[in-house]
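Novice: Any chance you could fold what I've pasted below:
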Amino acid sequence: MAIAFIVALLVAVGLAALGTRAAVRKARGRSRPFARPWPPLRQCPVCGTALLPGQRVQTAKFPSRAGVATVHLAGCPHCLGSGTAARVCPICARTLAESDYLLGRMWQQADTLAVRRPGEPAAMHIRVNACNHCVTGQLR
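Specialist: Predicted coordinates:
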């Protein structure tokens, strides 16, 4: 009987201390339910490594039809020059040499859901279609 009373007392005190959702989040160390401490990292389409802020994929852009451009994607600092990451085509899974590249389409999507600063241009989106080996194989 005394044990049940002690357990009930501890439960009541614990619930009173953690009464609101905000108190629970504060106890867990988060101010918002799903707050991220940093923006999500982007990946290199050639080697798949996470790109830090400021790191970019080397591309060559060739303008084409309305709003969509053809691009050649060479790679990022991890897979170009230093060669620390394996370069693989995401379409045919062939290992790429340093002189090889990916072919894709790039466009500026109307971002209805993206959050950006006023005056900042919308992000460019890229879809990889093939590598230079895939294309030569398709043309034969």
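Novice: burial of C79, as a residue count?
Specialist: 23 (other CB atoms under 10 Å). From N, CA and C alone the C-beta is placed, and that goes for glycine too.
Novice: Show me which residues of the helix or strand that contains A69 are buried.
Specialist: Assigned by DSSP states H and E, A69 falls within strand 68-75. Within strand 68-75, the residues that count as buried by 16 or more other CB atoms under 10 Å are 69, 71-75.
Novice: now swap in stretch 125-134 and tell me
Specialist: Neighbour counts over stretch 125-134 (16+ other CB under 10 Å) mark 126, 128, 130-134 as buried.
Novice: Okay, and which of the residues you listed map to helices?
Specialist: 132-134 (DSSP state H).
Novice: Mind putting those into a markdown table with distance to T84 and pLDDT?
Specialist: A markdown table is the format used below for those (distance: CB to CB, whole Å; pLDDT from 0 to 100):
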| residue | distance to T84 | pLDDT |
| --- | --- | --- |
| N132 | 22 | 90 |
| H133 | 22 | 88 |
| C134 | 25 | 85 |
